[in-house]
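1. how would this look folded up:
(one chain, ligands or ions: 2)
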Amino acid sequence: AGGQADNLRDVAPVTRCGTRVLLLGNIEFPHEAPHCLDRGAEGVGLYRTEFLYVNKTADPTEAEHYEAYKSVLTALGPDRPVVIRTLDIGADKFSAVSGLLSAEKNPFLGLRSVRLCLKNLVLFKTQLRAILRASVYGDARLMFPMVSTVMELRQCKSLLAEVKEDLEEARIPFKPDLPIGTMIEVPSAALIADVLAREVDFFSIGTNDLVQYTLAADRNNENVAGLYNPADPAVLRLMKMVCDAAATENITVNVCGEMSGEPLYVPLLIGLGIRQLSATPRKIPELKRTIRNLTVADAERIARESMRMETAREVTTYLREQLRRIL
Ligand code: PEP
Ligand code: MG
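-> Ligands and ions are numbered 1, 2, ... in the order given. Here you go, the predicted structure:
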């Protein structure tokens, strides 16, 4: 590669006014973990574990889960966070494998992700057990995707507690204080962020799904691509609610959808109070450059202005102008 962005690998993502931001990488396979470090990420903010299903005809075994997590945690070392997300299968993702799925009319509104896991406890507990066992190898964190109600989150947590008890009885080591987070990617979750914030150690906003579900526009359907926009005022309002709720409960908010990989949105996200972004590793240098040219005061002004706007187009045009001014 080479070029200007690569020179940024060894400098920290600090704003011009000295505020530290944490930049993490999204990965789908263990072999991608070193790419995060090569690009200057300080950890893995989203490990999409459903990719254990690639080229598989059966559910992964506990050993397969465990080896994958252990290898990522070992690659990252003791001081870099690795956020392991539990299986997000269903809808478009590996839905054929797990025998549970019957054909659904609206799979994106159907048995996907934690919904599917909570109906298949063997599958879910196998994964939780492997994550707990691997957690001793580094700075592991656990995250639940597609949570829509507080009851779902509580069920996930109580299953985790059961698995911890089993491991204790069997004298198998794990990290007892493994941090727990929930993704915020369904509008209902954003709307009850104040309630969810009391249940977890961190939030991670999944904008790919949050945009899709807020605007009722399939993220993969070209026909409605015009509606699908992270800068839509409805999405921004939900994100602000999430950031405010997290600030009240003093928990961190990460953003890990495609939105967080776009320098365009960095000032807005920092202005909303977000101090942690997770993106495809190759995006990290650009994000860092943007952060290093920004002040928090600028970002807060940009977020305030954006929140007053009425259309996605207005917001996007404004953010483009601001980015040009900053860089
Ligand atoms: C998201 O929805 O933004 C997200 C990060 O999860 P995924 O893209 O894996 O659905
Ligand atoms: Mg998602």
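
2. For the chain, which residue occupies the most central location?
-> residue 256 (3.8 Å; C-alpha atoms, centre = their mean).

3. What residues sit buried inside the helix with the most length in the chain?
-> In the chain, assigned by DSSP state H, the helix with the most residues is helix 150-169. Buried residues in helix 150-169, counted by 16 or more other C-beta atoms under 10 Å: 150, 152, 153, 155, 156, 157, 159, 160, 163, 164, 167. In this view, the C-beta of every residue, glycine as well, is placed from N, C-alpha and C.

4. What helix or strand is the nearest residue to the first one once chain neighbours are set aside located in?
-> The one in question is residue 150. Distances taken as C-beta to C-beta, 6 or more residues apart in numbering put residue 195 closest to residue 150, at 5.1 Å, once the chain neighbours are dropped. Using DSSP states H and E, residue 195 falls within helix 193-197.

5. Check which helix or strand residue 117 maps to.
-> Going by DSSP H and E, residue 117 is in helix 114-118.

6. how about the helix or strand that that helix is followed by: buried residues?
-> Following helix 114-118 in sequence order, the next helix or strand is helix 121-134 (DSSP H and E). Neighbour counts over helix 121-134 (16+ other C-beta under 10 Å) mark 123, 124, 125, 126, 127, 128, 129, 130, 131, 132, 133, 134 as buried.

7. elements contacting the longest helix of the chain?
-> Helix 150-169 sits against helix 114-118, helix 121-134, strand 139-144, strand 180-184, helix 193-197, with contacts defined as 3 or more C-beta pairs under 8 Å, 6 or more residues apart in numbering; DSSP states H and E.

8. of these, which approaches residue 62 most closely?
-> helix 121-134 (4.9 Å; C-beta to C-beta).

9. quick check: mean pLDDT across that closest one?
-> Average pLDDT, helix 121-134: 97.

10. How far does it sit from its chain's centre?
-> Centroid displacement of helix 121-134 relative to its chain, using C-alpha atoms, centre = their mean, to the nearest Å, is 20 Å.

11. Give me the residues contacting that helix.
-> 49, 59-63, 65-66, 69-70, 73, 84, 86-87, 98, 117-118, 140, 142, 159-160, 162-164, 166-167, 172-175, 178 (C-beta atoms under 8 Å, 6 or more residues apart in numbering).
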